[in-house]
Structure formats: C-alpha cells, structure tokens
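Enquirer: sequence and computational prediction follow.
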Amino acid sequence: MSDAQTSSAKSADPTEPNRRTEIALPLPQPDSLTQAYWDACREERLEVSRCEDCDHLFLPPGPCCPKCWSGKLSTRVASGNGSVFSYVVYRRSYHPGIPAPYVVALIELDEGPRLISNIVGCEIEEVEIGMPVRVRFEAAGDYLLPRFEPNGAED
Ligand SMILES: [Zn+2]
C-alpha cells in the first residue's frame, strides 16, 4: 500500500541516481572490549583472548573468561589456521553491500576458539565441513577483516 508507493517514489528521485549501489559493506563497530582485536587485525594479526587463571582461549573478546569468570585476561596471537566447523551458503543477498552468493562459516581455530567469518578464495561448491583453512585479511573501509581461504596449498 503506501509503503510501496513511498519506496518507489524514493528510488525514482532523479537527484540520487544509483543510490542502492553506493551502500557499503557494514563495518565493525568496535567498543572498549573489541578495539584491540580490530587494531590487531589492521596489522594482520588474529588475536584471541586468553584467561590468565585457567589458560582458556576464547573469542569474541569479553569482560571475563567464559569458563571460570576470571577477569584476568590477556591476548595471544593465533596461527590463523583452522578448519570449517559448520557453514551456510547464502544464495540471496540480504544487504546491497554483500552480493550473493557467499559463504558464512563457523571457523574453529587450531588453538580452539571459534569465530564466524566468510570463506573466500575458492568455489562455493568446494567448501565442506572439516576443510582446512587459513586467515586472509581483506580490506573493507578502514578495516582489515579476517576471512578464511582453503589451506590446502601450504608454501
Ligand atoms: Zn578462565
């Protein structure tokens, strides 16, 4: 009804041609807990949080250890190697800045922590659970985003 009329009127605005194609990829919104993580990514280091009391490694960064609740935390640089724990293929775009198809995967790092990322550098059909992957930092705005590519061709 009126919603459809409103949106078609907006897209027909001659002063803003191609507005949809200018919408950028959503970028990280660091806070006091995650700023260091994103700063490390800018230097192409994948850091995981480490509990000083029980040695547990985890992601995402938080105010305390999710295993023992200790607040004595530090960070450790991860190897960037891991494997696909699970994944889903998006065949429809849900954001103009993220064209389909693309893969969203739960990566299990060799050090243990898991994080959600994208699989890049291969055909979507090649992605499978258990596939070895390694981090590849890709520029997006002022950030370097940790994505993962197949780690079959180690050099
Ligand atoms: Zn702990």
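Expert: Good, I have the coordinates.
Enquirer: is the residue most central in space within the chain in a bridge, and if so with what?
Expert: For the chain, residue 117 is the residue whose C-alpha lies nearest the centre (C-alpha atoms, centre = their mean; 3.6 Å). For residue 117, the beta-bridge partners are residue 105 (DSSP bridges).
Enquirer: against residue 82, how distant is residue 59?
Expert: Distance from residue 59 to residue 82, counting by C-beta to C-beta, to the nearest Å: 11 Å. C-beta coordinates here come from the backbone N, C-alpha and C atoms, glycine included.
Enquirer: secondary structure class for residue 41?
Expert: With DSSP: H, G, I helix; E, B strand; the rest coil as the basis, the three-state label of residue 41 is helix.
Enquirer: number the chain from 5, please
Expert: Taking 5 as the first residue, the last one we looked at is residue 45.
Enquirer: leaving out sequence neighbours, find the closest residue to it.
Expert: Among residues not flanking residue 45 along the chain, residue 148 sits closest, at 4.9 Å (C-beta to C-beta, 6 or more residues apart in numbering).
Enquirer: so that neighbour belongs to a strand, correct?
Expert: Yes: counting by three-state DSSP, one finds residue 148 located in a strand.
Enquirer: that one contacts residue 43, correct?
Expert: No: contact criterion C-beta atoms under 8 Å: residue 148 and residue 43 do not qualify, at 10.1 Å.
Enquirer: neighbour-wise, which of those two wins?
Expert: residue 148 (18 against 12; other C-beta atoms under 10 Å).
Enquirer: where in this structure is pLDDT low?
Expert: Where the chain drops to pLDDT under 70, the residues are 5-26, 157-159.
Enquirer: can you list the residues of it near the ion?
Expert: Contact residues, the chain versus the ion (C-beta under 5 Å from the ion): 55, 57, 58, 60, 69, 71, 72, 74.
Enquirer: ok, now which ones touch residue 108?
Expert: Residues in contact with residue 108 (C-beta atoms under 8 Å, 6 or more residues apart in numbering) are 91, 92, 94, 120, 121, 122.
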